[in-house]
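Asks: got a predicted model here, sequence first, then my questions.
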Amino acid sequence: MSEIATGATDLTGHMLIAMPGMGDPRFEHSVVFMCDHSEDGAMGLIINKPSDDLDMGGLLSQLSIETDPALAKRRVHFGGPVEMGRGFVLHTPDYSSVVTTLEVLDEVHMTATLDILEDLATGKGPSKWLMMLGYAGWGPGQLEGEIAENGWLVCPCAPRLVFDLPDMEKWEAALESIGVAALALSAEGGRA
């Protein structure tokens, strides 16, 4: 991890794991892939909260994009509570939009433009991907404060966690990746 200007660790490309007792039900048991983190703030996408009421067929229909039935049934994810009408696709590096694809890690890229949805609908998109509406955002120093207050654990990104595991398994798998058992977590923070 590299240092940002404030001396805090740059969490871009890492994952945040919500601790029990966080206090915000929107983030309960969430795993957030960090797309950007700097002295200006942070932006991430929740990777394990599928929408209860929106699938790709519904989303693409709203955008007047035709798609095949197999793609139509895939769930759209709740990416976070900020700008919930804005879409983001986390995907493997086998796809790139000429201008708008952000390479967060070698194995995980993000595209936030309509062209990726059109390409997904016609079978020209990335091999692995997650579609999110909204994002999680933090102002300068806010995320660092939440981590210090025991709101989040941080772990390195494992592309397998992002793209291959069922959503319901991602939180525990992220914890296990850093040697933490979910049953051992406490909602109370402490200092030694």
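Replies: Cool, the structure landed. Residues are numbered from 1 along each chain as shown.
Asks: hey, let's count contacts and neighbours off CA atoms from now on
Replies: Fine.
Asks: and the gap between M132 and N48?
Replies: 10 Å (C-alpha to C-alpha, to the nearest Å).
Asks: mutual contacts of these two, please.
Replies: When C-alpha atoms under 8 Å, 6 or more residues apart in numbering defines a contact, the residues bordering M132 and N48 alike are H77.
Asks: identify the bridge partners of the residue lying closest to F27 once chain neighbours are set aside.
Replies: The shortest distance from F27 to any non-neighbouring residue, by C-alpha to C-alpha, 6 or more residues apart in numbering, is to A18 (6.6 Å). Counting by DSSP bridges, A18 forms beta bridges with W152.
Asks: ok, longest helix in the chain?
Replies: For the chain, the helix with the greatest residue count under DSSP state H is helix 167-177.
Asks: so which residue is dead centre in this protein?
Replies: L45 (2.7 Å; C-alpha atoms, centre = their mean).
Asks: what is the neighbour count of the closest residue to that residue other than its chain neighbours?
Replies: In space, and not counting its chain neighbours, L45 is closest to G79: 4.7 Å by C-alpha to C-alpha, 6+ apart. Neighbours of G79 under the rule other C-alpha atoms under 10 Å: 29.
Asks: and for the one 3 residues further on?
Replies: Counted with other C-alpha under 10 Å, the burial measure for V82 works out to 14 neighbours.
Asks: residue contacts, it?
Replies: By C-alpha under 8 Å, 6+ apart, V82 lies in contact with G134, Y135, A136, G137.
Asks: wait, M84 touches Y135, no?
Replies: Yes - at 7.1 Å, M84 counts as touching Y135 under the criterion of C-alpha atoms under 8 Å.
Asks: any common contacting residues for those two?
Replies: F78.
Asks: who has more neighbours out of these two?
Replies: Y135 (22 against 14).
Asks: buried ones in the one helix or strand E144 maps to?
Replies: In the assignment (DSSP states H and E), E144 maps to helix 142-148. Going by neighbour count (16 or more other C-alpha atoms under 10 Å), the buried part of helix 142-148 is L143, E144.
Asks: right, I'll leave it there.
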